[in-house]
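Undergrad: Have a look; sequence and predicted model below, questions after that.
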Amino acid sequence: MAATTIRVIVFVTTMTMALTVLLTMKHLSFDESSSLHDNTAADEVLVMPFKRVNRFLAEERNPRAADHCHKDNEVCNYQGTNSTCCNNKCLDLSTDNKNCGACKNKCKYTDTCCRGECVDTTYDKRHCGECNNKCSPGGYCIYGLCDYA
């Protein structure tokens, strides 16, 4: 019988606390809405913008994110780089191996994009070993080195 009495007391105490919290929260929310209503004009509605921010990228921009130029080259020129809008991204067509000289013009695996054209830097005299590395007049480019033999 004592256990039943203790259970009833605990139940009544719990319900009283829950009711107190509920009434307190309702009272606070009523005060906030009434003060908000008093400070605004009757015909104006206060609209708060809701912007969801990723917690990992809250302050910094993702460096791998696209520039989203939407086929507008002026957006790419505004960034200060010599780039063109391809596939909704600002890309430099003179150095990008996947868009060399034009959008979606992919260089072969062994080629490199130099000045907007795909070249084999192991044998090209104008781009020997790397872009814009010219061999001397009459010289040869072999295995990416000028005058190897």
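TA: Structure received.

Undergrad: which stretches of the protein have low pLDDT?
TA: Where the chain drops to pLDDT under 70, the residues are 1, 25-67, 72-73, 79-81, 149.

Undergrad: Break down it into its helices, ranges please.
TA: 2-39, 73-78 (DSSP state H).

Undergrad: Report the buried residues of the shortest one.
TA: Read it as helix 73-78. C76 (16 or more other CB atoms under 10 Å). Using the backbone N, CA and C atoms, a C-beta is placed for each residue, glycine as well.

Undergrad: Next, the contact list for C107, please.
TA: Contact analysis of C107 by CB atoms under 8 Å, 6 or more residues apart in numbering lists N97, K98, C100, C113, C118.

Undergrad: Just give the closest residue to it, not the sequence neighbours.
TA: Leaving aside its chain neighbours, C107 sits nearest to C118 (3.8 Å; criterion: CB to CB, 6 or more residues apart in numbering).

Undergrad: For C146, give me its contacts.
TA: C146 sits next to K125, C128, G129, N133, C135, S136, G139, Y140 when contact means CB under 8 Å, 6+ apart.

Undergrad: should've said C100
TA: Contact analysis of C100 by CB under 8 Å, 6+ apart lists L93, K106, C107, C113, G116, E117, C118.

Undergrad: For the last one, grab the count of nearby residues.
TA: Here the neighbour count serves as a burial measure; for C118 (other CB atoms under 10 Å) it reads 16.

Undergrad: Help me confirm that it comes into contact with K108.
TA: Yes: counting by CB atoms under 8 Å, C118 sits close enough to K108 to count as a contact (6.6 Å).

Undergrad: show me what contacts the closest residue in space to L145 that isn't next to it in sequence?
TA: Once flanking residues are discounted, L145 sits nearest to G129: 6.3 Å by CB to CB, 6+ apart. Contacts for G129 (CB under 8 Å, 6+ apart) come out as T121, T122, C141, G144, L145, C146.
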